[in-house]
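Colleague: Sequence first, predicted model second:
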Number of protein chains: 2
Amino acid sequence: MNAQIISIGDELLIGQIVNTNSVWMAQELNKLGITVTKISAVPDTNEGITDSFLEALNKVDFVFITGGLGPTKDDITKKVFSAFFETTLIINNEILQDVQRFFSIRNKELTEINKQQALVPKNGITIRNKCGTAPGMWVKKEKTTYISMPGVPYEMKEMMLESILPKIISENTLPSIFHKTVLTSGIGESALSDLIENWEDNLNTQNIKLAYLPQPGMVRLRLSTKGENKKELEALINKNIELLKTIIPEYIFGIENYGSETSLMQEIVVEKLKTLNKTVSVAESCTGGYLSHLFTSVPGASAVFKSGVVSYSNELKTKLLNIEETIFSNYGAVSKECVTQLANNIKNITDSDFGIGISGIAGPSGGTEEKPVGTVWLAIATNERTITKKFNFGGSRQFNIIMSAQSALNELRRLIE
Amino acid sequence: MNAQIISIGDELLIGQIVNTNSVWMAQELNKLGITVTKISAVPDTNEGITDSFLEALNKVDFVFITGGLGPTKDDITKKVFSAFFETTLIINNEILQDVQRFFSIRNKELTEINKQQALVPKNGITIRNKCGTAPGMWVKKEKTTYISMPGVPYEMKEMMLESILPKIISENTLPSIFHKTVLTSGIGESALSDLIENWEDNLNTQNIKLAYLPQPGMVRLRLSTKGENKKELEALINKNIELLKTIIPEYIFGIENYGSETSLMQEIVVEKLKTLNKTVSVAESCTGGYLSHLFTSVPGASAVFKSGVVSYSNELKTKLLNIEETIFSNYGAVSKECVTQLANNIKNITDSDFGIGISGIAGPSGGTEEKPVGTVWLAIATNERTITKKFNFGGSRQFNIIMSAQSALNELRRLIE
């Protein structure tokens, strides 16, 4: 079975709000094995709504519609609905009682405009709203069922979970769908694709879809497949993941089950440090606090993250972190020698197991021919040794900051492993 | 002029990622007076992409497309593109050089699949990508111009701001549109909406559109109107803003002209500090580096931001920032006394004009009945005085971190003014 999601509202089209309703609905529908083939946002206009309804007709089994059901005058959905379904609107007495009860509980006066909330298409099924006043509507036209819900997220969610999805499940035989995501790092999307080309070709023959989901510092590979027997699907996906592990063992650092994703590198690193009972501190320059922020954004980070020092000037690098002044005159602040001292000194000052030092040129200014914008030196120190690495990200300020911090996390992860 | 936005990617249709690209694009297009009539997300399939392209043909002036341009095989956009535009793909030498440069800077090998990034439709215009390898494409079919960009947000944004929007502005007569944005802080969106209800109703009768743009710590109110005479539009908007200032004087802290927006609180604060030739340093606990990150994310921040210290443990607060140990035993780390010392000590150690101290309970654990999760103390010290403030944000960890840092910025702004 497949579906489209249509969100109605001018506020979506001027970028005023993010369409989180559709994200949530897409997740819920996918869990049931209903494929979402399109998500749209359209304005509160007759043309915008009618065109989108028409465009879905007989193409999908279900159309899930949110928004445009409030009592105010910019909400024309119901009129468009009754015209599209060639029906009239009638007052539904059960809904009218719901609306009356809603207002009387809140000691509010019921106005004429509120009563119109009980107007529903004559030839459809009405879905009660336990959290608000606008009812849901369920009307079938030709091969497609149109289901309209209020745009207020908790009203929509209650209606979906309590009424609509149970009705769909009881009336249809749904396929099983299975997702799993492989986390890779240290290799770009295109190089990865080259390496796993044959493996990927084999997925296609097994009806498994592969998606590359790149984010700074990592590429997530999502495998998904549909079928009748969930156990068989899982076994099939697992078999292919095991095969992948033999092809690119050095780049895989985790597997996520759909629904229990811990996809961020900082979550993975904090978790590993916790398991090993190790601590880390950070001396940052070009990343300006962002690496500390990534660590501390993870709940429970205080068990592993001890301290971060952001020292922009050479003077403060010396004062706060005891960096020798000759380092700056001999090698400059963006150098292997400087980050080696940063990493070791922060480790020693804070008595941590790992010390990370980063210094680079985030840009947009400050670059030279020898050290262009995006040049970043990283060091990670333990009591036994110090590893250093030079990067050339060559991007915008934000990009360089993000990539520097993500690369530091990834190098720490590799070192721990 | 009007436009549709189409985002390509299976990950959008299973609800794995939120479509923030389209929100950003809708905002930028609206600023220029281009009306967005539809936003869609479609799968990486020939049918999904072709149908959505066809559906927009001759209905809108522009179609902005993101996603589906990576080098890997789940990306079929370019093939669908060339079929839809009845053209072939050819290697663009300028783009090929960009791709080669991108890899050589990073000391990575250029593979055959990377070279294919330089394949572009023969009958279109190619847009260079300064942050990645996938070029943008600009092809006109009948009355509609299709513009395709990579899905990686920072690549797309750079391309829109530096190449695509300037080209559209230079080639078209866009309506005179006038925007001004009122910056408010210290009041939530719905409370604000209640307070200014009558004023807002009056805007509608004057053909002025109002958008609420909430972000952590502030709500921006954007007024916009379209017409022929820019001077008249400006006078009309100004008159209404003056009226608003009499209704909510305590919440308004700035007015932005379109084109000179410095919309982020950190940009406003860094700019003010620069003008006054003042410096700031930060001693953070619960915000874990996020406040330092906000300062240092602003280009040129090094002129005003001297240092940040993240000290999670009491021991390191003493060691790095000389906090008296009796503070912890007498008042606790989350106290007026502790943040007062943090702010003054970081100011003195770094010889800055302003010192900020923050300590709080970000959560999800660590709360007590007396100091629940979300309790945050803030101090800002100057050579003359120290101001302190207590907050109770009571939200999630991320929310508490963001609100704490934003509130610190806002209090610093008020103090400077």
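Modeller: The structure has been received and is ready for your questions. Numbers count the residues shown, from 1 in each chain, chains lettered A, B, ... in the order given.

Colleague: and A:K319, what helix or strand is that in?
Modeller: A:K319 is part of helix A:314-321 when elements are defined by DSSP states H and E.

Colleague: tell me which residues of the lowest-mean-pLDDT helix or strand in chain A are tucked away?
Modeller: Confidence across the helices and strands of chain A bottoms out at helix A:112-115, with a mean of 77, counting by mean pLDDT, DSSP states H and E. Judged by neighbour count using 16 or more other C-beta atoms under 10 Å in any protein chain shown, the buried positions of helix A:112-115 are A:N114, A:K115. In short, each C-beta sits where N, CA and C put it, glycine included.

Colleague: Please name every helix or strand in contact with that helix.
Modeller: Applying 3 or more C-beta pairs under 8 Å, 6 or more residues apart in numbering or on different chains; DSSP states H and E, one finds that helix A:112-115 contacts helix A:93-105.

Colleague: can you list contacts of the helix it packs on?
Modeller: For helix A:93-105, the external contacting residues (C-beta atoms under 8 Å, 6 or more residues apart in numbering or on different chains) are A:109-110, A:114-115, A:117-118, A:120, A:126, A:128-129, A:132-133, A:135.

Colleague: export the residues you listed to CSV and tack on secondary structure and distance to A:S302?
Modeller: Compiled in CSV, the contacts of helix A:93-105 are given as follows (DSSP: H, G, I helix; E, B strand; the rest coil; distance: C-beta to C-beta, whole Å):
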residue, secondary structure, distance to A:S302
A:E109, coil, 52
A:L110, coil, 52
A:N114, helix, 50
A:K115, helix, 55
A:Q117, helix, 49
A:A118, helix, 53
A:V120, strand, 54
A:T126, strand, 52
A:R128, coil, 46
A:N129, coil, 43
A:G132, coil, 41
A:T133, coil, 45
A:P135, coil, 48
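
Colleague: Looking at those, which is nearest chain B?
Modeller: Among these, A:G132 lies closest to chain B (C-beta to the nearest C-beta), at 15.4 Å.

Colleague: Can you tell me the number of residues neighbouring that closest one?
Modeller: For A:G132, the neighbour count with other C-beta atoms under 10 Å in any protein chain shown is 19.

Colleague: check contacts around it.
Modeller: A:F102, A:P150, A:V152, A:E155.

Colleague: Might you specify the subset of those located within strands?
Modeller: Using DSSP state E, the subset of the contacts of A:G132 located in strands is empty.

Colleague: Quick one: those residues as CSV, columns for neighbour count and pLDDT too.
Modeller: Below are the contacts of A:G132 laid out as CSV (neighbours: other C-beta atoms under 10 Å in any protein chain shown; pLDDT from 0 to 100):
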residue, neighbour count, pLDDT
A:F102, 18, 80
A:P150, 26, 88
A:V152, 18, 81
A:E155, 20, 86
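
Colleague: Using CSV, write down the CA coordinates of stretch A:186-201.
Modeller: Extracted in CSV, the C-alpha atoms of stretch A:186-201 (Å, rounded to 0.1, in the frame of the first residue of the first chain):
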residue,chain,number,x,y,z
GLY,A,186,36.8,8.0,7.5
ILE,A,187,35.7,7.7,3.9
GLY,A,188,33.7,9.9,1.7
GLU,A,189,30.5,9.0,-0.1
SER,A,190,32.0,8.5,-3.5
ALA,A,191,35.1,6.5,-2.4
LEU,A,192,32.8,4.4,-0.4
SER,A,193,30.5,3.8,-3.3
ASP,A,194,33.5,2.7,-5.4
LEU,A,195,34.6,0.2,-2.8
ILE,A,196,31.2,-1.4,-2.3
GLU,A,197,30.0,-1.3,-5.9
ASN,A,198,29.6,-5.1,-6.4
TRP,A,199,28.0,-5.5,-3.0
GLU,A,200,25.5,-2.8,-3.8
ASP,A,201,24.7,-4.3,-7.2
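
Colleague: residue ranges of the strands in the stretch 151-300 of chain A, please?
Modeller: With DSSP state E, counting those that start in this stretch as the criterion, the stretch 151-300 of chain A has strands at A:176-185, A:209-215, A:218-227, A:252-257, A:280-284.

Colleague: what's the longest helix in chain A?
Modeller: helix A:397-416 (DSSP state H).

Colleague: List the buried residues in that helix.
Modeller: Those would be A:397-413, A:416, for helix A:397-416 by 16+ other C-beta under 10 Å.

Colleague: then it to CSV, C-alphas only?
Modeller: Provided in CSV are the C-alpha atoms of helix A:397-416 (Å, rounded to 0.1, in the frame of the first residue of the first chain):
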residue,chain,number,x,y,z
ARG,A,397,34.0,29.1,8.6
GLN,A,398,31.0,26.9,9.7
PHE,A,399,32.1,24.0,7.6
ASN,A,400,35.7,24.1,9.0
ILE,A,401,34.5,24.3,12.6
ILE,A,402,32.1,21.4,12.1
MET,A,403,34.5,19.2,10.2
SER,A,404,37.4,19.9,12.6
ALA,A,405,35.2,18.9,15.6
GLN,A,406,33.8,15.8,13.9
SER,A,407,37.2,14.7,12.8
ALA,A,408,38.5,15.0,16.3
LEU,A,409,35.6,12.9,17.5
ASN,A,410,36.3,10.3,14.8
GLU,A,411,40.0,10.1,15.5
LEU,A,412,39.3,9.7,19.2
ARG,A,413,36.9,6.9,18.4
ARG,A,414,39.6,5.1,16.3
LEU,A,415,42.1,5.6,19.0
ILE,A,416,39.8,4.1,21.6
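
Colleague: For it, what does the pLDDT average out to?
Modeller: Average pLDDT, helix A:397-416: 91.

Colleague: Could you see whether chain B lies near it?
Modeller: Yes. Contact of helix A:397-416 with chain B (C-beta under 8 Å from any C-beta of the partner chain) involves A:R397, A:Q398, A:F399, A:I401.

Colleague: Any stretches of the stretch 251-400 of chain A with poor pLDDT?
Modeller: The stretch 251-400 of chain A contains residues with pLDDT under 70 at A:258-263.

Colleague: residue ranges of the helices in it, please?
Modeller: A:265-276, A:290-296, A:314-321, A:325-330, A:336-350, A:397-416 (DSSP state H, counting those that start in this stretch).
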